[in-house]
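> this one's structure only:
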């Protein structure tokens, strides 16, 4: 219980800290935000207009409190470019990015977990060596390149075997033709998923190797009558779960660069495209809220991962009750 | 057992020999040496000047004039890749330095004697570790503009945090040991303890993590440059080459192969390098090092 | 069950650790294997169980009862000294382990599965080898728990909620639940304090004798050995250097390694300030 309280307090503090960092990086460091937003050829009156519109002429503390207060109420501000609410934009884009991340993760786990187990269980040195090289090579491929190769192989219109849509997302989103929407995410998810699978594979192997060390529960299970493979899959994998949950959390975070790249490559109007576009357009108010939102998302993810990790390991879970 | 203290040069020689004797270590050494060599050569010579474009031969297939073909502006792909190796070498080098500095600083704080300081820094690292590199890069790109420095900064922060987290258990073990206590009793300061006693104990972790950060910085550069927050337009880099080749894949797909292949081979080499260095530099695993 | 090991060599990643060991254990006999740490005794235990790590290669032969579990490809593993030997297939070994061969591990805090309750842990060999209903299993677990001197309220606890002695009692219960014919006890008391050590050794000995099983007891501690076994082998740097009746060996060790182990046991006993029980050998800590 004490751990939970401590962890929640830490989460709240991190949230405030990150909001300050984002604010400082976007409003204080660039100098005159209004000038940046208006662009190089803007007239002085346009700059003044912007300054007044977004309240950029007020002291920083007032600006920060105003912005942070808005965030607390779910008010993320308005985009300077489109005039639409940032919250609505983010919501619409997340409907593409979030399924994409989840699909990538499914691919990564479906490929990485069995291969990682195989790498740990395999007895033949040749097979172990091959799997080790596979894991290292897989993790060394830039997402952009894996996406390109998949396009060249399976992209409709571009590839050798045109299996899947290669560009874009249905304009009417998931409501119009869900099957087409899903299909257009398949290649992107494979592109990021395969790369992430290499990481999952490496971690799975090393977690299982650690657990299968001398005189541990895996040996015990074998001494009770399991074969090595049984013991690894039934006992080793269960004991590795807390670590694997952490790995999935970290994979989530490390996949996001790839996801943004892949969104651009496949012309998917997701969060990555939105953020990159807004940074390019110097829509600082929007960027500010979007960056904070994403950072908050990852902080929440970290929190969930930590708590799950603890709940899955009875030694840690009990350590707090005593 | 009387052991004469080996000279650093002798040790380095033994470590290199051991790395060379394993297949993966040899691959890593060869690729990294080639990388450094190409970067050096590109300072004085590239097959064609970077700005020499040949409007009549855009997206050309590999030929005697253009070994790896040309891109959409008719520029020589090989020349750009060679020049790019320089940028990536600098980015990787600075990332290693940056993440080592930040990582060691955090390690020092995390194992500090003051429990308040230690627990606060552990908490900060735990919280920030989940923020992805690309968000840090976007945050830096707004005030500072897209540049190689943004890539270095974002990578250093992200990998420094990661290094601190991974190295903490070994560092903690060293920091609580008898010899650190006696060193402190003799008046050694925090920095001295960190450098003299803790760093030597976490070198295996450092070798693996730092060489992995170098590899990941190459990958990050490619991604960030493609997103427009990496190295600036017109600056040669592998990410630049990769992004350029993406534009018209359906017209001439083969140009896509080269930059991606270079990046992949180099990142593999960097990952293997760390493992090989750790194994060769470990006196327990490497009997030759004990004899040296 | 009688066990025989002939010319066993164990090679781990190019380094030979065990150099041709012969030992026999008669039906119902309690035999000790003693040696300093690093002498290779745990490797022999692992070889008996087929639990050696990846990359280990073996020579020689091992048989338990009528079953040959390790032998060279040519036949029974006789003669051919340096011919590489291979195990019976994994399934056969797994069927043997936990059913006819029970194992007590050195450190129960490490060996017991941290996410399993005591009840499930002890029932595991039953579940793997016998077709019993849940209530039949529960009944046997309860009976076993009584034999190792634990009360029923530990059934739903997990290993981290038990004391060191309780944990090793659970380890012994797990090893003995299927009434195996042969017990391998690999330093079962090393992780325990001196008083608990004595209780655990006595418990193990009485349970093994009651069941009429044979036992190989591995330790580095002569004091414990004399309590647990009647006959023993002294292992030094991968070779058997001396063997015989435990009491005789303890009284008059002939070889240097055996003498060192005996002196170490005496010194530890004296060091603990418990001279009155010195020859009983209740105290030793590593």
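All right, it came through fine. Quantities reported herein were computed from a predicted structural model and do not represent experimental measurements.

> so where's the stretch 151-292 of chain B uncertain?
Counting by pLDDT under 70, the stretch 151-292 of chain B contains low-confidence ranges at B:248-254, B:284-285, B:290-292.

> Can you name the residues of it sitting close to chain A?
B:215, B:219-220, B:222-224, B:226-229, B:242-243, B:246, B:249-250, B:253, B:256, B:259-260, B:263-265, B:267-268, B:271-272 (C-beta under 8 Å from any C-beta of the partner chain). (Each C-beta comes from the backbone N, C-alpha and C, glycine too.)

> Please identify which helix or strand holds the residue nearest to residue B:42 when sequence neighbours are not counted.
Leaving aside its sequence neighbours, residue B:42 sits nearest to residue B:82 (C-beta to C-beta, 6 or more residues apart in numbering or on different chains; 4.1 Å). Secondary structure from DSSP states H and E places residue B:82 in helix B:77-110.

> Just give me how far that helix sits from the chain centre.
Distance of helix B:77-110 from its chain centroid, counting by C-alpha atoms, centre = their mean, to the nearest Å, is 5 Å.

> Tell me which other helices or strands that helix touches.
Counting contacts by 3 or more C-beta pairs under 8 Å, 6 or more residues apart in numbering or on different chains; DSSP states H and E, helix B:77-110 is packed against helix B:23-44, helix B:115-128, helix B:148-175, helix B:199-227, helix B:238-246, helix B:257-280.

> Packed most tightly, which of the ones you listed would that be?
Burial of the helices and strands packed on helix B:77-110 is given as mean neighbour count (mean count of other C-beta atoms under 10 Å in any protein chain shown); helix B:238-246 ranks first at a mean of 26.

> Following the strand or helix carrying residue A:35 in sequence, what is the next regular element?
Assessed by DSSP H and E, residue A:35 sits inside helix A:33-38. Next along the chain after helix A:33-38, taking DSSP H and E as the criterion, comes helix A:44-53.

> Okay, now the unreliable bits of the stretch 101-250 of chain C?
Using pLDDT under 70, the stretch 101-250 of chain C has no residue that qualifies.

> Show me where it has its helices.
Counting by DSSP state H, counting those that start in this stretch, the stretch 101-250 of chain C has helices at residues C:108-111, C:118-129, C:134-147, C:164-176, C:194-211, C:222-228, C:246-251.

> what does the stretch 51-200 of chain A give?
Taking DSSP H, counting those that start in this stretch as the criterion, the stretch 51-200 of chain A contains helices spanning A:60-72, A:86-121, A:125-139, A:143-154, A:173-176, A:178-211.

> Output those in a markdown table; the columns should cover mean pLDDT, mean neighbour count and distance to residue C:238.
Listed next are those as a markdown table, based on pLDDT from 0 to 100; neighbours: other C-beta atoms under 10 Å in any protein chain shown; distance: least, C-beta to C-beta, whole Å:
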| stretch | mean pLDDT | mean neighbour count | distance to residue C:238 |
| --- | --- | --- | --- |
| helix A:60-72 | 84 | 14 | 68 |
| helix A:86-121 | 90 | 20 | 29 |
| helix A:125-139 | 87 | 17 | 24 |
| helix A:143-154 | 85 | 23 | 50 |
| helix A:173-176 | 74 | 12 | 68 |
| helix A:178-211 | 88 | 21 | 26 |
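
> Ok, which of these comes nearest residue C:3?
In terms of C-beta to C-beta, the element of the helices of the stretch 51-200 of chain A nearest to residue C:3 is helix A:86-121, at 28.5 Å.

> Just want the angle from the closest one to helix A:178-211.
Helix A:86-121 and helix A:178-211 are oriented at 40 degrees to each other (axes from the mean of the first three to the mean of the last three C-alpha atoms, to 10 degrees).

> Tell me which residue of the stretch 101-250 of chain A lies closest to chain C.
Distances between the stretch 101-250 of chain A and chain C by C-beta to the nearest C-beta are smallest at residue A:225, namely 3.2 Å.

> circling back: measure how buried the residue nearest to residue B:42 is and give me the count.
Residue B:82 has 21 neighbouring residues, counting by other C-beta atoms under 10 Å in any protein chain shown.

> Could you check the pLDDT of it?
Looking at residue B:82, its pLDDT reads 86.
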